[in-house]
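**Student:** sequence and predicted structure below; questions after.
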Amino acid sequence: MEILDRHISEAEETLSAAAGSASLCTVSRSGTPMPGVKYPEGAWVALRDVRRAAAPTGDIGAAVDALRAQWATDLARRTKVGSGADWIAYLTGGLDALDELADRLVSPGGLTER
(Lines give C-alpha, C1' and ligand atoms only; values in the text may rest on other atoms or scores of the structure.)
Protein backbone atom coordinates (compact mmCIF):
# COMPACT_ATOMS: atom_id res chain seq x y z
CA MET A 1 0.00 0.00 0.00
CA GLU A 2 3.04 2.29 0.20
CA ILE A 3 2.87 3.13 -3.50
CA LEU A 4 -0.84 3.94 -3.15
CA ASP A 5 -0.25 6.11 -0.10
CA ARG A 6 2.43 8.02 -2.00
CA HIS A 7 0.07 8.65 -4.93
CA ILE A 8 -2.70 9.80 -2.58
CA SER A 9 -0.34 12.20 -0.81
CA GLU A 10 0.83 13.67 -4.12
CA ALA A 11 -2.76 14.05 -5.32
CA GLU A 12 -3.72 15.77 -2.08
CA GLU A 13 -0.81 18.21 -2.41
CA THR A 14 -1.79 19.00 -6.00
CA LEU A 15 -5.41 19.52 -4.97
CA SER A 16 -4.42 21.82 -2.10
CA ALA A 17 -2.25 23.88 -4.42
CA ALA A 18 -5.07 24.17 -6.98
CA ALA A 19 -7.74 25.11 -4.45
CA GLY A 20 -5.55 27.55 -2.58
CA SER A 21 -7.09 28.56 0.71
CA ALA A 22 -10.65 27.79 -0.43
CA SER A 23 -12.46 24.71 0.82
CA LEU A 24 -13.77 22.29 -1.80
CA CYS A 25 -17.33 22.98 -0.65
CA THR A 26 -16.83 26.70 -1.27
CA VAL A 27 -15.30 26.06 -4.69
CA SER A 28 -18.14 23.70 -5.67
CA ARG A 29 -20.86 26.13 -4.56
CA SER A 30 -19.32 29.18 -6.21
CA GLY A 31 -21.29 28.62 -9.41
CA THR A 32 -18.15 29.29 -11.44
CA PRO A 33 -16.69 26.38 -13.42
CA MET A 34 -13.44 25.29 -11.78
CA PRO A 35 -11.96 22.49 -13.93
CA GLY A 36 -8.49 23.39 -12.65
CA VAL A 37 -9.61 22.31 -9.18
CA LYS A 38 -11.96 19.52 -10.21
CA TYR A 39 -9.25 17.59 -12.10
CA PRO A 40 -6.98 17.12 -9.05
CA GLU A 41 -10.04 16.53 -6.87
CA GLY A 42 -11.07 13.66 -9.15
CA ALA A 43 -7.55 12.21 -8.94
CA TRP A 44 -7.58 12.38 -5.15
CA VAL A 45 -11.05 10.82 -4.85
CA ALA A 46 -10.26 7.99 -7.28
CA LEU A 47 -7.08 7.09 -5.42
CA ARG A 48 -8.90 7.11 -2.09
CA ASP A 49 -11.52 4.86 -3.69
CA VAL A 50 -8.70 2.43 -4.51
CA ARG A 51 -7.57 2.43 -0.88
CA ARG A 52 -11.11 1.71 0.30
CA ALA A 53 -11.72 -1.01 -2.31
CA ALA A 54 -8.36 -2.72 -1.70
CA ALA A 55 -8.54 -2.64 2.10
CA PRO A 56 -10.30 -5.99 2.62
CA THR A 57 -7.90 -8.02 0.45
CA GLY A 58 -4.87 -5.81 -0.12
CA ASP A 59 -5.24 -6.39 -3.88
CA ILE A 60 -4.53 -2.92 -5.25
CA GLY A 61 -4.36 -4.14 -8.85
CA ALA A 62 -7.86 -5.61 -8.79
CA ALA A 63 -9.23 -2.47 -7.15
CA VAL A 64 -7.57 -0.27 -9.79
CA ASP A 65 -8.92 -2.41 -12.63
CA ALA A 66 -12.49 -2.29 -11.30
CA LEU A 67 -12.37 1.42 -10.61
CA ARG A 68 -10.81 2.24 -13.99
CA ALA A 69 -13.76 0.54 -15.67
CA GLN A 70 -16.23 2.44 -13.47
CA TRP A 71 -14.59 5.85 -13.97
CA ALA A 72 -14.22 5.28 -17.74
CA THR A 73 -17.91 4.38 -18.00
CA ASP A 74 -18.89 7.46 -16.00
CA LEU A 75 -16.68 9.69 -18.15
CA ALA A 76 -18.11 8.28 -21.39
CA ARG A 77 -21.66 8.76 -20.12
CA ARG A 78 -21.03 12.31 -18.90
CA THR A 79 -19.30 13.22 -22.16
CA LYS A 80 -22.16 11.78 -24.22
CA VAL A 81 -24.81 13.78 -22.38
CA GLY A 82 -22.80 17.00 -22.54
CA SER A 83 -22.03 17.41 -18.85
CA GLY A 84 -20.20 20.55 -17.82
CA ALA A 85 -16.46 21.11 -17.79
CA ASP A 86 -16.23 20.46 -14.05
CA TRP A 87 -17.66 16.94 -14.36
CA ILE A 88 -15.43 16.11 -17.32
CA ALA A 89 -12.34 17.46 -15.54
CA TYR A 90 -13.22 15.58 -12.33
CA LEU A 91 -13.71 12.25 -14.09
CA THR A 92 -10.69 12.75 -16.36
CA GLY A 93 -8.53 13.51 -13.33
CA GLY A 94 -9.71 10.35 -11.62
CA LEU A 95 -9.19 8.19 -14.66
CA ASP A 96 -5.74 9.66 -15.32
CA ALA A 97 -4.71 8.99 -11.70
CA LEU A 98 -5.93 5.40 -11.94
CA ASP A 99 -4.05 4.90 -15.22
CA GLU A 100 -0.86 6.32 -13.73
CA LEU A 101 -1.17 4.10 -10.67
CA ALA A 102 -1.82 1.05 -12.84
CA ASP A 103 1.32 1.83 -14.84
CA ARG A 104 3.37 2.14 -11.64
CA LEU A 105 2.05 -1.17 -10.32
CA VAL A 106 3.63 -3.03 -13.24
CA SER A 107 6.79 -0.93 -13.64
CA PRO A 108 10.14 -1.33 -11.88
CA GLY A 109 9.79 -0.19 -8.30
CA GLY A 110 6.06 -0.90 -8.25
CA LEU A 111 4.26 -4.16 -7.72
CA THR A 112 5.25 -6.46 -10.52
CA GLU A 113 2.14 -8.58 -10.32
CA ARG A 114 -1.46 -7.60 -11.01
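**Tutor:** That came through fine. Numbers count the residues shown, from 1 in each chain.
**Student:** the lowest-mean-pLDDT helix or strand in the chain: what's the following helix or strand?
**Tutor:** Here the helix or strand of the chain ranked lowest by mean pLDDT, DSSP states H and E is helix 24-29, holding a mean of 57. Using DSSP states H and E, the next helix or strand after helix 24-29 towards the C-terminus is helix 35-54.
**Student:** okay, buried residues for that next one please.
**Tutor:** 35, 37-47, 49-50, 53-54 (16 or more other CB atoms under 10 Å). Glycine gets a C-beta too; all of them are placed from N, C-alpha and C.
**Student:** check what contacts it and list those residues.
**Tutor:** For helix 35-54, the external contacting residues (CB atoms under 8 Å, 6 or more residues apart in numbering) are 1, 4-5, 7-8, 11-12, 14-15, 17-19, 24, 27, 60, 62-64, 66-67, 71, 85-98, 101.
**Student:** hmm, 6 Å instead?
**Tutor:** 4, 7-8, 11-12, 14-15, 18-19, 27, 60, 63-64, 67, 85-86, 89-91, 93-94, 97-98 (CB atoms under 6 Å, 6 or more residues apart in numbering).
**Student:** out of those, which are buried?
**Tutor:** Among these, those classed as buried by 16+ other CB under 10 Å are 4, 7-8, 11, 14-15, 18-19, 27, 60, 63-64, 67, 86, 89-91, 93-94, 97-98.
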